[in-house]
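Peer 1: What would the 3D arrangement of this be:
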Amino acid sequence: MSLLVPVILGSVRSERQGIKAANFIIAKLRERGHEPVLVDPMELDLPLLDKMYKEYPRGEAPETLERLADLYRRADGFMIVSAEYNHSLPAALKNTLDYFLEEYAYRPSSIVCYSAGRFGGVRAAVALRPMLAEMGMSSLPSILAIPSIGKALQDDGTSTEPWIDKSAVKFLDEFEWYASALKAKREADGVPG
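Peer 2: Numbering: from 1, shown residues only. Sure, this is the predicted structure:
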């Protein structure tokens, strides 16, 4: 079953390393026959949140938000790619995520986290989990943590460490299981409420 998967990147820094992690997971999803779509806050250039998408009158939201809402409603699950900034997640990621709510509902999310150091961004993943659950896209048990990202991944996302490719297999197996199960349930029964 092919899945539509927005890959939401969290960094807008000028020499960001997260694009490598996004490219890595996009390539792995494509290898499995899925349709990943990069959601890049640098390209979106969203202002700091004033109004959520749902707070605009129907048809009056900015075009960027309309496109994202359509993508998210069609999505089968979400990949969140996050650096760790000061033991938490980047502000650009939080801002990008906060524009929506209902559009995420009843779809799983998985976290790809990274850092320049040895912890691989796991503290960002810890901060993300309750937020993603509150938004309705519960975070799955496995994370893909990439330490020393500057050396671990090339610019195109190719790994230089075989363990990363091996870890991605189990990580994506779990994501596919949940995303496929929830997709089938949404299609058969709709969603509560």
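Peer 1: State the mean pLDDT of the longest strand along the chain.
Peer 2: Across the chain, the longest stretch assigned as strand under DSSP state E is strand 139-146. Across strand 139-146, the average pLDDT comes to 96.
Peer 1: Check which helices and strands that strand is in contact with.
Peer 2: helix 18-31, strand 109-114, helix 122-134, helix 162-189 (3 or more C-beta pairs under 8 Å, 6 or more residues apart in numbering; DSSP states H and E). Bear in mind the C-beta positions are built from the backbone N, C-alpha and C, glycine included.
Peer 1: Which one of the ones you listed lies nearest to V5?
Peer 2: When the helices and strands packed on strand 139-146 are compared by C-beta to C-beta, helix 18-31 sits nearest V5, at 5.7 Å.
Peer 1: Mind listing the strands the very next helix or strand once past the closest one pairs with, and their directions?
Peer 2: Scanning forward in sequence from helix 18-31 by DSSP states H and E, the next helix or strand is strand 35-39. Strand 35-39 has these partner strands in its sheet, going by DSSP bridges: strand 4-9 (parallel).
Peer 1: Comparing the helices and strands packed on strand 139-146, which comes out most buried?
Peer 2: Mean neighbours per residue, mean count of other C-beta atoms under 10 Å, is largest over the helices and strands packed on strand 139-146 for strand 109-114, with a mean of 28.
Peer 1: doesn't L38 make contact with V7?
Peer 2: Yes. V7 lies in contact with L38 (C-beta atoms under 8 Å); the separation is 5.3 Å.
Peer 1: picking that back up, distance to S148 and mean pLDDT for the helices and strands packed on strand 139-146 - can I get that in CSV?
Peer 2: Listed next are the helices and strands packed on strand 139-146 as CSV, based on distance: least, C-beta to C-beta, whole Å; pLDDT from 0 to 100:
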stretch, distance to S148, mean pLDDT
helix 18-31, 12, 98
strand 109-114, 9, 98
helix 122-134, 13, 96
helix 162-189, 11, 97
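Peer 1: quick one, which of the ones you listed is nearest to L89?
Peer 2: helix 122-134 (4.7 Å).
Peer 1: Show me what the closest one is packed against.
Peer 2: strand 78-83, strand 109-114, strand 139-146.
Peer 1: In whichever helix or strand comes after the first one, which of the residues would be classed as buried?
Peer 2: Tracing the chain past strand 78-83, the next element assigned as helix or strand by DSSP H and E is helix 91-98. Of the residues in helix 91-98, those buried under the neighbour-count criterion (16 or more other C-beta atoms under 10 Å) are A92, L93, K94, N95, T96, L97.
Peer 1: tilt between helix 91-98 and helix 18-31?
Peer 2: 50 degrees (axes from the mean of the first three to the mean of the last three C-alpha atoms, to 10 degrees).
Peer 1: chain center to helix 91-98: distance?
Peer 2: 11 Å (C-alpha atoms, centre = their mean, to the nearest Å).
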